[in-house]
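> With the sequence up front, the predicted model follows.
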Amino acid sequence: QVQLVESGGGLVQAGGSLRLSCVASGRTIRSYGMAWFRQAPGKDREFVATISWGGGSTSYADSVKGRFTISRDNAKNTVYLQMNSLKPEDTAVYYCTAPRDPYYTSALSEKYDYWGQGTQVTVSS
């Protein structure tokens, strides 16, 4: 079983930055692709970014490309999401997620088995 704990959310003005962290326990994430999703009020959960198990490959939703950066520190069992140039439409609960099986990544939420509790990001205009 894997536990994921996100942190780093908060209230920020448009144009500002936040850095989210996701610490995993119960299993090393070294061999696993990881991802971030988000869910705004009244909307479905949507893909934000994913990173390969080795960190050499990343993928982003078009809405965040060029503004967000996903990274990982396998020694710390942690995944990060650096968010710059934040917009009010980025307001959402952000979730870290991991799959049960190693060595693949996906932008589909149904491919992931473990989810954190989420961290709220609110961007004011």
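Great, that's in hand.
> List of residues touching the host helix or strand of Val121?
If you go by DSSP states H and E, Val121 is part of strand 119-124. Strand 119-124 is contacted by residues 6-14, 16, 18, 20, 38, 83, 86-94 when judged by C-beta atoms under 8 Å, 6 or more residues apart in numbering. For glycine as for every other residue, the C-beta is placed from the backbone atoms N, C-alpha and C.
> and if we set it to 7 Å?
Strand 119-124 has contacts (C-beta atoms under 7 Å, 6 or more residues apart in numbering) with 6-9, 11-14, 18, 20, 86-88, 90-94.
> Give me the buried positions along that strand.
When burial is assessed from 16 or more other C-beta atoms under 10 Å, strand 119-124 yields the following buried residues: 119, 121, 123.
> Next, the contact list for the residue nearest to Arg38 when sequence neighbours are not counted, please.
Spatial nearest neighbour of Arg38, excluding adjacent residues (C-beta to C-beta, 6 or more residues apart in numbering): Ala92 at 3.9 Å. Ala92 makes contact with 38-40, 121 under the criterion C-beta under 7 Å, 6+ apart.
> now for these, which pair is the farthest apart?
Across the contacts of Ala92, no pair lies farther apart than Gln39 and Val121, at 10.9 Å, counting by C-beta to C-beta.
> which of the contacts of Ala92 has the most neighbours?
Ranked by the number of neighbours (other C-beta atoms under 10 Å), the contacts of Ala92 place Arg38 first, at 24 neighbours.
> could you check the angle strand 119-124 makes with the strand or helix carrying that residue?
Element membership of Arg38 [criterion: DSSP H and E] is strand 34-39. Angle of strand 34-39 versus strand 119-124, following axes from the mean of the first three to the mean of the last three C-alpha atoms, to 10 degrees, is 50 degrees.
> Run the chain-centre distance for strand 34-39.
4 Å (C-alpha atoms, centre = their mean, to the nearest Å).
> Name the next helix or strand following it along the chain.
strand 46-51.
> How about the contacts made by the residue nearest to the spatial centre of the chain?
Most central in the chain under C-alpha atoms, centre = their mean is Trp36, positioned 2.3 Å from the mean C-alpha point. For Trp36, the contact set (C-beta under 7 Å, 6+ apart) comprises 48-49, 70, 81, 94-96.
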